Every structure is written in structure tokens, then in C-alpha cells.
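**Q** what's the 3D shape of this:
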Amino acid sequence: MKTFRLTIARVGENLFDGEAVSVSLPGTEGVFEVLAHHEAFVSELKPGKARVAAADGTTHHFEISQKGLAEVSHNQVTVIL
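**A** Numbers count the residues shown, from 1 in each chain. Below you'll find the predicted structure:
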């Protein structure tokens, strides 16, 4: 199973920080999914739902209530809300 490092944070709070198999995020152009070794890019996020498939087999859901930003590079995804 291929994984990547995922951090989802908002000011003063880490929501998720660990290895993930996939993350689905609400981009301004529509929902997108990131898998291991995804091409590098930056995307603005809009309010909606995020879904994380963690490497340990668990699934996490997060509500995004305001705009945010996702950066994908070097097998790492950082989401700032």
C-alpha cells in the first residue's frame, strides 16, 4: 500500500497529522482526490467535506467551513484551513 504524509491544520489546532492512502478535498473547481506520489500542485479549497483514508485503515471526515489551501509536493500534502 502506497502512502503519503498528510497534515490538516487550522490556526492553533492539528486535525490530522500522519500517513494516509488518500484524501478527498473540495477544491474551487470541484472535489479532487490525492493519492501517493501525486503530481505537485496548489489548490484553493471551498467549504465542504474532506475525507481521509488513513494508512492504519481508519477513515476520518472533516467539515471545511471556510476557504482553505492545499499544497501537494514531494509525497506530502499540507491542508491549511
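**Q** Arg5: how many residues sit nearby?
**A** Neighbour count of Arg5, defined by other C-beta atoms under 10 Å: 15. (Each C-beta comes from the backbone N, C-alpha and C, glycine too.)
**Q** hmm, I was thinking of Asp56
**A** 10.
**Q** how about it, what does it touch?
**A** If a contact means C-beta atoms under 8 Å, 6 or more residues apart in numbering, then Asp56 has Glu19 as its contacts.
**Q** so which helix or strand takes in it?
**A** Using DSSP states H and E, Asp56 is not contained in any helix or strand.
**Q** Look up how far Thr3 lies from it.
**A** Look at Asp56 and Thr3: by C-beta to C-beta, to the nearest Å, they are 10 Å apart.
**Q** what touches both of these two?
**A** Residues touching both Asp56 and Thr3 (C-beta under 8 Å, 6+ apart): Glu19.
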